[in-house]
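Enquirer: How does the following fold in three dimensions:
(chains A, B, C, D, E and F)
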4 protein chains.
Amino acid sequence: MNGFERRKERKKMNILDAALELFSTDGVQKVSIQEIASKAQVSQVTIYNYFGGKDELVFESIKKFTEDKISQFQAVLDDNEKSFKDKLRDLLRDKNENILLLNSDFLRTIMSDRPEIQEFIKNFSEQTSIPLFMELVKQGRNEGVIHKDLSFKAVLFYLNMYSQAMQSRPELFQYSEEADYRFIEELTQLFFYGLMGNSEGPTETI
Amino acid sequence: MNGFERRKERKKMNILDAALELFSTDGVQKVSIQEIASKAQVSQVTIYNYFGGKDELVFESIKKFTEDKISQFQAVLDDNEKSFKDKLRDLLRDKNENILLLNSDFLRTIMSDRPEIQEFIKNFSEQTSIPLFMELVKQGRNEGVIHKDLSFKAVLFYLNMYSQAMQSRPELFQYSEEADYRFIEELTQLFFYGLMGNSEGPTETI
Amino acid sequence: MNGFERRKERKKMNILDAALELFSTDGVQKVSIQEIASKAQVSQVTIYNYFGGKDELVFESIKKFTEDKISQFQAVLDDNEKSFKDKLRDLLRDKNENILLLNSDFLRTIMSDRPEIQEFIKNFSEQTSIPLFMELVKQGRNEGVIHKDLSFKAVLFYLNMYSQAMQSRPELFQYSEEADYRFIEELTQLFFYGLMGNSEGPTETI
Amino acid sequence: MNGFERRKERKKMNILDAALELFSTDGVQKVSIQEIASKAQVSQVTIYNYFGGKDELVFESIKKFTEDKISQFQAVLDDNEKSFKDKLRDLLRDKNENILLLNSDFLRTIMSDRPEIQEFIKNFSEQTSIPLFMELVKQGRNEGVIHKDLSFKAVLFYLNMYSQAMQSRPELFQYSEEADYRFIEELTQLFFYGLMGNSEGPTETI
DNA sequence: AATGAATGAGGGTTCATTCAT
DNA sequence: GATGAATGAACCCTCATTCAT
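Expert: The predicted model follows:
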């Protein structure tokens, strides 16, 4: 890749990063191309030259978003030293955003009236995201922390639910000064033992 | 209230209903005053006369939304015949929309850049929604289906999480022809006994 | 029609007049809505409110144009006192614009890529313009100035050709100070006797 | 001219050909530099390097257009074997585009607001086009098919009028399967004998 | 009181043109 | 010398909002 292409690629990334951030924060509809251009420090027209229009830009943003997420995911899974619980903790807590089934707020809003994007997400889930995730669940079963009678589908839904909940209230899970350690412990309890709890002693924190 | 005022009040309600439905479906940004006026069969200007502007209309819509929801909630709670589990089922499954902590997609998007609305939601939660909810949790504890060591805050978060997850995938929980009963049972298991499960037999479906 | 409607109607006419004039002069493509709005002394948006968009405005302009022309045409034809030659002179010379088959430059340019407009023109020609014109040709035949063996179609084409040519060079036909009377006489000769001419004496001027 | 210059010249021609074709078809305003560049398979900037800007490109296109036409014209006139009628037929019918007075639609639209182009056309007409044309008229007079009393100016106008009419409705004059031979004959009649016709028998078709 | 009419501001997009390699 | 990249200006259009009846 020569100098031209490298600079072009970098600019495209700038634009996509700017777009992604603004879209996530304010919603696709509300963000103007002008805003994105300003944030990425390019002219509006450059965005049109690269992406063709707002619709396509949104699409590309989503592609980048999912690819970024999945590679983070992959990185965690690939660490053969870690236990299921460790990996889970990394996935759920440390990453500030996470997509297992790729149905974060951001995506859901967009998908509503964009069939091509729906299609893309569906394919991506089935072909890339879910297979990866199955590996993780297998490990959890082998290590005895996922009940063997639970179907994969149910576990997927459950983990995804937790993942989303944590994303939507990240402040509750970060070990900040104000963090409420007891609260986190309780959620761990709930995660592993449910609402009725178990009679045994305390568990580690996820 | 005389005839004039009653007609005025009815028109206001028409407008709010129309607005709420459109806002929920398409997002606040995307819905134009013209659309709302058409749906409510009034002139655009009438909306301005009644509400002052789009911002105020959004605010009033949210107020109505929360009040509607809370009265549904109240209705369920007030039925002294029902057990905790029954009430929970009604709240989680039967209502197609539910707000415990009032942080549905719809609201979260709007709140982002509207401090007055954030304030309103916060106050409403603290003063109206959460107290109601505490009643429910108490009943659950008394009936032994909520572990007594779990803090109210944790239970609140947990239930809210389930509620949201069910809303985001309503198709998984409706008893339609294609419903996967085993899946629903499993989620019930997860709800009460967590990921590790319990050694006992099956539980009822929530 | 009340005051509201009358004012609205007048504004619509202002806009159509402005549009028509600019379109004729500079071409549809080149004229911006803003220009039309300025000339008609309304806001751009008013144009959108009335006509919906540029395409529709163009269409309405054409409709008005054809209707105006046809009523001028009708007025000439309706005068039962006039001979064929007199009417022809009025049609060809006095009116600065004339449409027999409605294929003036203006229209031809627009029609090229607008099937609905083509359709409209075709229908208008067949149902309104041509029938009127046939009346005129009949009179010409009866008065012996149109050779009886000439088909209607050929005469139509011929007159239309003259009409267009005169429109495209109006300065040659106006009785201005610089007018070249001999030239006009010659064209009359050509009109009635063709390139080879006849052996008889001079004819009147059309 | 060396290899470099020859290649450059060829590129210029490609560009002019592409421009001319697009301008004629879609109008100057509607055609973008990008379109021309694509059709001519060069970069946009090359067009700027060669021609300086769209205005100049339009001008050069017109020059090429007129030169092409006049050399076609010249070719027909130079054939000393052909009679006036034969030449006329070639000019009017066989060539799909023809400019005698150079006032085709294409040119007229452009000229409207471009004084330099108006000037060029005027000069070209007076110095090149019209003198050539006078040759033709002389031949017609000598062969007795143009009445000797008709001024050159009138004949010019007349032929030009026919030429344009034929261009604007080429389908009526092509000897296609659906051609209406009687119609063409009638127009020939009109051409030579005018609206009143002559008493003699039929004439050949032009 | 209620509404049809009117508009300023802003959004997405295209284009002729210049810059920089 | 030729080109991919970049842009200011302008266009069509929509929307929240105000005016005038």
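Enquirer: Which residue ranges make up the domains of chain A?
Expert: A:1-52, A:58-206 (automatic domain parsing).
Enquirer: how about those domains, which one is nearest residue B:90?
Expert: domain A:58-206 (16.7 Å; Cβ to Cβ). (Each C-beta comes from the backbone N, C-alpha and C, glycine too.)
Enquirer: dump the residue contacts of the residue nearest to residue A:63 when sequence neighbours are not counted.
Expert: Nearest non-adjacent residue to residue A:63, counting by Cβ to Cβ, 6 or more residues apart in numbering or on different chains: residue A:120, 7.3 Å away. Going by Cβ atoms under 8 Å, 6 or more residues apart in numbering or on different chains, residue A:120 touches A:59, A:62, A:63.
Enquirer: Which ChimeraX command selects the buried ones in those?
Expert: Remark: buried members of the contacts of residue A:120, expressed as a ChimeraX selection using 16 or more other Cβ atoms under 10 Å in any protein chain shown:
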select /A:59,62
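Enquirer: Columns pLDDT on top of the contacts of residue A:120, output as a markdown table?
Expert: Shown next, in a markdown table, are the contacts of residue A:120 (pLDDT from 0 to 100):
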| residue | pLDDT |
| --- | --- |
| A:59 | 91 |
| A:62 | 88 |
| A:63 | 89 |
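Enquirer: Would the helix or strand harbouring residue A:70 count as contacting DNA strand E?
Expert: Here residue A:70 sits within helix A:54-77, counting by DSSP states H and E. Yes - Helix A:54-77 reaches DNA strand E (Cβ under 7 Å from any atom of the strand) through A:54, A:55.
Enquirer: circling back: what helix or strand is the residue nearest to residue A:63 located in?
Expert: helix A:115-124.
Enquirer: can you pull the buried residues of that helix?
Expert: Buried residues in helix A:115-124, defined by neighbour count with 16+ other Cβ under 10 Å: A:117, A:120, A:121, A:124.
Enquirer: And the last one, how close does it get to residue C:85?
Expert: Using Cβ to Cβ, to the nearest Å, residue A:124 is found at 80 Å from residue C:85.
Enquirer: ok, so of the contacts of residue A:120, who is nearest chain C?
Expert: Nearest to chain C, judged by Cβ to the nearest Cβ, of the contacts of residue A:120 is residue A:59 at 27.3 Å.
Enquirer: Could you measure from that closest one over to chain B?
Expert: Note on residue A:59: its distance to chain B, by Cβ to the nearest Cβ, to the nearest Å, is 18 Å.
Enquirer: tell me the contacts of that residue?
Expert: With Cβ under 8 Å, 6+ apart, residue A:59 has these contacts: A:114, A:116, A:117, A:120.
Enquirer: can you redo those as CSV with pLDDT?
Expert: Shown next, in CSV, are the contacts of residue A:59 (pLDDT from 0 to 100):
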residue, pLDDT
A:114, 78
A:116, 84
A:117, 84
A:120, 87
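Enquirer: among the helices and strands of chain A, which one scores worst on average pLDDT?
Expert: One helix or strand of chain A scores below all others by mean pLDDT, DSSP states H and E: helix A:105-111, with a mean of 64.
Enquirer: Work out for me the element the residue nearest to residue A:84 when sequence neighbours are not counted sits within.
Expert: The shortest distance from residue A:84 to any non-neighbouring residue, by Cβ to Cβ, 6+ apart, is to residue A:140 (4.2 Å). Assigned by DSSP H and E, residue A:140 belongs to helix A:130-142.
Enquirer: same deal with residue A:164?
Expert: helix A:152-168.
Enquirer: So what's the residue count around residue A:53?
Expert: Using other Cβ atoms under 10 Å in any protein chain shown, the number of residues around residue A:53 comes to 11.
Enquirer: What of residue A:24?
Expert: 17.
Enquirer: wait, does the helix holding residue A:120 contact DNA strand E?
Expert: No - using Cβ under 7 Å from any atom of the strand, we find that helix A:115-124 stays clear of DNA strand E, coming within 14.5 Å at best.
Enquirer: Could you check the angle that helix makes with helix A:130-142?
Expert: Computed by axes from the mean of the first three to the mean of the last three Cα atoms, to 10 degrees, the angle separating helix A:115-124 from helix A:130-142 equals 40 degrees.
Enquirer: now helix A:115-124 against helix A:54-77, angle please.
Expert: Put simply, helix A:115-124 runs at 10 degrees to helix A:54-77, going by the same axes, to 10 degrees.
Enquirer: Please export the C-alpha coordinates of helix A:115-124 as PDB.
Expert: Provided in PDB are the C-alpha atoms of helix A:115-124 (Å, rounded to 0.1, in the frame of the first residue of the first chain):
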ATOM      1  CA  PRO A 115     -33.500  -4.500   5.500                       C
ATOM      2  CA  GLU A 116     -30.000  -4.700   4.100                       C
ATOM      3  CA  ILE A 117     -28.500  -4.000   7.500                       C
ATOM      4  CA  GLN A 118     -30.800  -6.500   9.100                       C
ATOM      5  CA  GLU A 119     -29.600  -9.000   6.600                       C
ATOM      6  CA  PHE A 120     -26.000  -8.200   7.300                       C
ATOM      7  CA  ILE A 121     -26.400  -8.500  11.000                       C
ATOM      8  CA  LYS A 122     -28.300 -11.800  10.700                       C
ATOM      9  CA  ASN A 123     -25.600 -13.300   8.500                       C
ATOM     10  CA  PHE A 124     -22.800 -12.000  10.700                       C
END
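Enquirer: No further questions, thank you.
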